[in-house]
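S.K.: have a look; sequence and predicted model below, questions after that.
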Amino acid sequence: MSKLSRLRVLILALSAFALPALAQPDTDGRFTIAVIPDTQNYTDHTHQKVAGFPFDARDQLMQQMRFIADNAVSRGGDIVFATAVGDVWQHPTIDVDPDHAGRGFSARPLPAGSSMEDWSRRVREIEIPAAVEAYRLLDGVLPFSVVPGNHDYDAQWWEQSWPRDMTAPEGDLRRLGMIHIGGLTAFTEAFGPASPFFANRPWYIASHDGGADSAQIFEAGGYRFLHIGLQMAPSDMSLKWAETVIHAHAGLPTLITTHDFLDKTGERRAHPVVDIHALDPFDNSAQGVWDKLIDRNPQIFMVLSGHHNGQSFRTDRNRTGGAVYQLLSDYQDRKQSVIDTGLSPDKAVALGDGWMRLMTFDMGGPVPTVRVRTYSTHYGRYASETPRYAEWYKPNEQPQLSDAEFLAQDEFTIPLEDFRSRFGAEATALSAAR
C-alpha cells in the first residue's frame, strides 16, 4: 500500500483498559525490553552456505530470537517486549514501485549482467523465509514489533534525478547519487496485521498503511506501556495516525521505534546517500518526526532506532519539559565472527556478530532506571565481558573515542528522573482497574 494512500486507522481496541491483563514478570519492578538491531546481513542470500559462504549467517539471527524467547516472561525470564528497528532482509524485489514511477521517479538501469528477476526470486525464496522463520520463535511467546527499514521496501534504487557528487573520493557512495525507496507489499505480507504473528493478538492494538505502522501494548513493573512502530521516513499521515493512537490511550508511557532517527554522533541527521526527505517532501526527516509527533506528545519518553552503523544516545526535553531518551542501536557492520573462520579482515563481510541491546528497567526505587547493555548471542557474553571488544569494533565505528568511552556507549544507566511525576498516577489507576 502506498504511503500516499488515504489514512486508514485500524484501532483494534479503543481503550487500553478494555484489554485483558497481560503477563508480568514476578520480580520487584524489574523487566527487560530487547532491541533487535538491523538484521539484513544475516538473511542476505549471499551470506549462506548455498552461496559459498563459510556458514549460514541466518543462524546468528535464529540465535538472537531463541535467546529472546528463552528469556521471555512466559518462560520464566524477564523480557516483556521485543522491538526490531528495521532492515529485516537485504534486497529489493522490484526496480521501482508503481506509485513512485507514476510520480516521475525513475531508477538507474541495473549494471550489465544483473537481473532484478533473479534477485527478487532469491529474496522471496531465501531472505524473507529466513526472517519469518526466525520471528516464529517469538510467536505466541511475548509481544513484539517489527518496523520496515530501507532494505525492506519492495524497491530501493539509485534515483537518477539526484546529482552525483563526483568530487567525493573513489569508493564514496555519494558518487552514485541518492537512494530512494518505495512499496511495502512484501513487508506487510510478512508482518501486517493479518499475519499469523499479529492476527487476533490482544496486545496488537492498531495498524496503519497495511501494518507498516503499528501499535502494541505490554505490561510490566506496575505500568501499562504503549509502543508505536513507525515506517522509515513516515509521512504526515503516519504521524497523524500515531497521534490518534496516543490520544486513544491517554496517559500511557509511550515508546517509539523507527528505522532512521539518530546517527552515530547522536544527531537527528540522515545518511548522506539515504536522505529520503530530500528526495520526497511527503516523507519526513528525523527532525520532522520530532517536531510533528514526539515534541508535541508528552506521553512519549523513549525513541529507538537503527540504520546508522554504531550506537549513540541523547536526551532532549519536549515542549512540556518532559525528558525523551533516544537510542541508536545498529551492529550490522561487525564482522569478527567471519574473521574467526580464517578470512582476513579485508575479505570478511559484515554480519553483526549477534550483538543486540537489552534494556532492563528497574521501577522499584524512588527514581526508576534503565540499564542499557549490549549482548552477543553468538559469543554468549556482554560487551564488558569481551576483552577485545574495542579492538574489534572501535576503529570502524568510533575511532576518535578511548576504549573506555567506546564501551560506555554500550553499557550505561539512564535515570528516569521525571517518570513518576509524568506517569505515576496513571499506573495507580491502571492497577486499580485490573
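M.R.: Received it, and whenever you're ready, just let me know what you need.

S.K.: check the gap between residue 230 and residue 360 for me.
M.R.: Between residue 230 and residue 360 the distance is 24 Å, computed by C-beta to C-beta, to the nearest Å. C-beta here means a position set from N, CA and C on the backbone, and glycine is covered the same way.

S.K.: between these two, which one's more packed in?
M.R.: The neighbour comparison of residue 230 against residue 360 (other C-beta atoms under 10 Å) goes to residue 230, with 30 against 16.

S.K.: specify the beta-bridge partners of the more buried one.
M.R.: Using DSSP bridges, the bridge partners assigned to residue 230 are residue 258.

S.K.: is it true that it touches residue 238?
M.R.: Yes - counting by C-beta atoms under 8 Å, residue 238 is a contact partner of residue 230 at 5.9 Å.

S.K.: what is in contact with these two at once?
M.R.: Counting by C-beta atoms under 8 Å, 6 or more residues apart in numbering, the contacts common to residue 230 and residue 238 are residue 213.

S.K.: state the distance from the closest residue to residue 403 other than its chain neighbours to residue 384.
M.R.: Computed as C-beta to C-beta, 6 or more residues apart in numbering, the closest residue to residue 403 that is not its neighbour in sequence is residue 390, at 3.9 Å. Noted for residue 390: a distance of 11 Å to residue 384, by C-beta to C-beta.

S.K.: next one: residue 134
M.R.: 27 Å.

S.K.: where along the stretch 101-250 of the chain do the strands fall?
M.R.: Remark: strands assigned in the stretch 101-250 of the chain by DSSP state E, counting those that start in this stretch are 144-146, 155-159, 178-182, 204-208, 213-220, 223-230.

S.K.: and the fourth one, how far from the chain's centre?
M.R.: In terms of C-alpha atoms, centre = their mean, to the nearest Å, the centre of strand 204-208 is set 17 Å apart from its chain centre.

S.K.: just checking, what packs against it?
M.R.: Packed against strand 204-208 by the contact rule (3 or more C-beta pairs under 8 Å, 6 or more residues apart in numbering; DSSP states H and E) you find strand 10-11, strand 213-220, helix 236-248.

S.K.: repeat for the last one
M.R.: The contact analysis (3+ C-beta pairs under 8 Å, 6+ apart) places strand 223-230 against strand 79-84, strand 144-146, strand 213-220, helix 236-248, strand 254-258, helix 419-433.

S.K.: picking up where we left off before, between residue 390 and residue 384, which one's more packed in?
M.R.: Using other C-beta under 10 Å as the criterion, residue 390 and residue 384 rank with residue 390 on top: 20 against 13.

S.K.: shouldn't that one be within a strand?
M.R.: No - counting by DSSP: H, G, I helix; E, B strand; the rest coil, residue 390 falls outside a strand, being helix.
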